[in-house]
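S.K.: I would like the atomic coordinates for the input below:
(chains A, B, C and D)
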Amino acid sequence: MEQTIEFNGRSIAVDKAGYLLNSQDWDEALALHLADREGIDMTDAHWEVVLFVRHFYQEFNTSPAIRALVKAMEKAYGPEKGNSRYLQRLFPEGPAKQATKLAGLPKPAKCL
Amino acid sequence: MILHLLRSSPFSDHSLSQCLSRIAKQDGIVLIQDAVYALQGHQQAWYSLLMQCEQLYVLQDDLYARGIKAADAICTIDYPQLVALTLKFDKVMSW
Amino acid sequence: MQSKRIAIVNRTAPHGTSHGQEALDMAMVAGTFGQEVGLFFIDDGVFQLVKDQHPEAALRKNYSKTFAALEFYDIDTLLVCQQSLLSRGLTEADLCVPVEVLSSESLRSALAQFDHIVSF
Amino acid sequence: MATFSILVTSAPFDTQGSHSALQFAQAVLAQGHKIQGIFFYQAGVNNANAWSQAPADELNLPKAWRDLQAKGVALHVCNTAAARRGVLSEPESTERGLPAHNLQAPMQASGLGQFIEMLNVDRVVQF
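M.R.: Numbers count the residues shown, from 1 in each chain, chains lettered A, B, ... in the order given. Down below sits the predicted model:
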């Protein structure tokens, strides 16, 4: 069901779980607001992952599942950041799910 | 050894020709559903290739359902025999 | 028990039907689950890999961009039938990702390496 | 005894695939083999639409699947493929604020991961 978030005088359409319905609505200010709703204090490390996920989506037209996110992060930034413990610490409710949400992307398919 | 399960009519779909062009000598073919109409293809280019297949089977229920008759030389099978065939071959590919 | 290897065979062209998109979904989930996957492209299936597709123009999702992400899903076996390319006026240079182009003969023996085959 | 998984990717009624799958599954069980499960994917997910109705003089496929499930065969449906085609489980339906759901027992809403787990069998046969 369509719901909306009121933000900076705009009405942003989201699904029941809080994912943006239109990824074009996304900007960095909105990402901060979404993070706030998730109880996440955005640090540079968080931004790095969120922007990475958004870039992944733009390049491959799919939201990465956790395993793919870890492998892609590893290729881009090395094993320090390309590991699930590091990502899990940043996004305690699941890095693929939460980073995808903050990046304004569609929820990864349930099958994954 | 692959058992190829053909499902569509070779008069309207290329699956049978495509399968025949790749098949190995030890592979088998089972015609089910609309693929059983292949037995009416005497005039068709693919027919002789199909008849060269040493392990060609046709599902009797699907033939009977469509009023198509198989020549005596054609090996017709029932579902229990189809199950046995899937186990005789290493794997099954549906077309 | 030893994990079974699965061959996913693409036999149909993209966009006209959803076969290719759902075959890719299955491949990505198999990769996510650590299953050994081989993606085969034969007959019209080779059209799946054509580069510069813009299915948005036909209101379809552009999943052809996703093939390039398969390395992150541990899928590195993309095998394409040479004869199918040739007969459709395509060469390896027309494809959107690096693949292995094989003769029917080699393709058949590659397929024999897998335990199960599903086709789309 | 051998183990089988069956993948149904073709639409019920519109095509014969589901009927073939059913007859094959019955033959597998009759021979004392085991079916790990039947997985419905692509248009095959329409088999899970609890609202589909056949005229009285045609095979009642939903009932045939129920009878098969009663013999211990698990029936799994890909959630994502089903939702795309208007077949929704209760949680999926609630999450989207829809008034009802039409994917219910004996069909189980699963993910493709379930199918991957069903590969650990002697044969996979697709209809």
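S.K.: anything in the top helix by length along chain C near chain D?
M.R.: Using DSSP state H, we find that the single longest helix of chain C is helix C:19-32. Yes. Under the criterion of CB under 8 Å from any CB of the partner chain, chain D is reached by helix C:19-32 at C:His19, C:Glu22, C:Asp25, C:Met26, C:Val29, C:Ala30, C:Thr32. Glycine gets a C-beta too; all of them are placed from N, C-alpha and C.
S.K.: the third one contacts A:Ala109, correct?
M.R.: It refers to C:Asp25. Yes. C:Asp25 lies in contact with A:Ala109 (CB atoms under 8 Å); the separation is 7.1 Å.
S.K.: joint contacts of those two?
M.R.: Common contacts of C:Asp25 and A:Ala109 (CB atoms under 8 Å, 6 or more residues apart in numbering or on different chains): D:Thr80.
S.K.: between the two, who's got more neighbours?
M.R.: Higher neighbour count among C:Asp25 and A:Ala109: C:Asp25, with 23 against 19, using other CB atoms under 10 Å in any protein chain shown.
S.K.: any idea what the closest residue to D:Ser110 other than its chain neighbours is bridged to?
M.R.: Beyond its immediate neighbours in the sequence, the residue positioned closest to D:Ser110 (CB to CB, 6 or more residues apart in numbering or on different chains) is D:His76, lying 4.1 Å away. Note on D:His76: beta-bridge partners by DSSP bridges are D:Phe39, D:Gln108.
S.K.: what residues does D:Thr15 make contact with?
M.R.: Contacts here follow CB under 8 Å, 6+ apart; on that basis D:Thr15 touches B:Gln33, D:Ala43.
S.K.: so how many other residues sit close to the closest residue to C:Glu22 other than its chain neighbours?
M.R.: Excluding the flanking residues, the one nearest C:Glu22 by CB to CB, 6+ apart is D:Gln42, at 5.4 Å. By other CB under 10 Å, 25 other residues sit near D:Gln42.
S.K.: surely D:Gln42 is in contact with C:Ser18?
M.R.: Yes. Using CB under 8 Å, D:Gln42 is in contact with C:Ser18, at 7.0 Å.
S.K.: which parts of chain D sit against chain A?
M.R.: Selection of chain D residues close to chain A by CB under 8 Å from any CB yields D:Cys78, D:Asn79, D:Thr80, D:Glu95, D:Arg96, D:Gly97, D:Leu98, D:Gly111, D:Leu112, D:Gly113.
S.K.: give me that answer again for 10 Å
M.R.: D:78-81, D:83, D:91-92, D:94-98, D:109-116 (CB under 10 Å from any CB of the partner chain).
S.K.: in helices only, show me those residues.
M.R.: Per DSSP H, the residues of chain D next to chain A map to helices at D:79-81, D:83, D:91-92, D:94-95, D:112-116.
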